[in-house]
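Peer 1: dropping a prediction and its sequence here:
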Amino acid sequence: MRVALRPHPESAALGEFVLEVELERQEGALLLGYTLQGELERLRLPDVGAVLPLQRLWAHTCFELFLAREGGGYREFNFSPSGQWAFYAFSAYRQPTPTPEPPAPCQRWHRAPSCLSLRVRLSPESLPSGRGALRLGLAAVLEGHGGAFSWWALAHPPGRPDFHAPEGFALRWEG
């Protein structure tokens, strides 16, 4: 399955971009492929191996994934072009809950002049436990030179950009 993300109306005009995410389930794991095409030279992209605070990867260019099951909390994953990643667990809207960190996701980044892509595999242990469909929020933060931002998601709730809002978990995945 392939879906297109769109910028939030309050996003800065950083350039012309197309951002798509491809999803697949394989032996219980979740495989994602983020592809950003456009004027990458207009973005601030951390170098591979750059040291960024793990708890603030979302404050710079990164791809994000939110996962929930009906009636439960949700999980957030941030993936930086530096190769670093972060995990958060929430019992309810923006209410952190202690949860053991899942196994490190397998990431493969590729950067070309007009394309940035990430292939990531999340193990079954990384997914929220429980039965029923997964609800996914797919998002990205793009940081321009000079500190301007563009927020991308599959769905944006009304008002300011908020990837944690339940309305943003717009993709329902059975199985």
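Peer 2: Nice, thanks for sending it over.

Peer 1: name the nearest residue to the residue nearest the centre of the chain, ignoring sequence neighbours.
Peer 2: Nearest residue to the geometric centre of the chain (C-alpha atoms, centre = their mean): Glu64, 1.2 Å. In space, and not counting its chain neighbours, Glu64 is closest to Ala139: 4.2 Å by C-beta to C-beta, 6 or more residues apart in numbering. C-betas here are computed from N, CA, C, even on glycine.

Peer 1: what about Asp162, how many residues nearby?
Peer 2: Look at Asp162: counted by other C-beta atoms under 10 Å, it has 18 neighbours.

Peer 1: repeat that for Arg135.
Peer 2: Using other C-beta under 10 Å: Arg135 sits among 20 other residues.

Peer 1: neighbouring strands - and their directions - for the helix or strand the residue nearest to the centre of the chain falls within?
Peer 2: Assigned by DSSP states H and E, Glu64 belongs to strand 62-69. When pairing is defined by DSSP bridges, strand 62-69 lines up against strand 74-79 (antiparallel), strand 134-143 (antiparallel).

Peer 1: any chance of the ones you listed in JSON lines, with distance to Ser117 too?
Peer 2: Conversion of the strands paired with strand 62-69 to JSON lines gives the following (distance: least, C-beta to C-beta, whole Å):
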{"stretch": "strand 74-79", "distance to Ser117": "11"}
{"stretch": "strand 134-143", "distance to Ser117": "12"}
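
Peer 1: closest one to Leu43 among the ones you listed?
Peer 2: strand 134-143 (5.7 Å; C-beta to C-beta).

Peer 1: Phe63 reaches Tyr34, doesn't it?
Peer 2: Yes. Counting by C-beta atoms under 8 Å, Phe63 touches Tyr34, with 4.5 Å between them.

Peer 1: pull the distance from the worst-scoring helix or strand of the chain on mean pLDDT to the chain's centre.
Peer 2: Each helix and strand of the chain was given a mean pLDDT (mean pLDDT, DSSP states H and E); the minimum falls on strand 171-173 at a mean of 92. Distance, stretch centre to chain centre, for strand 171-173: 15 Å (C-alpha atoms, centre = their mean, to the nearest Å).
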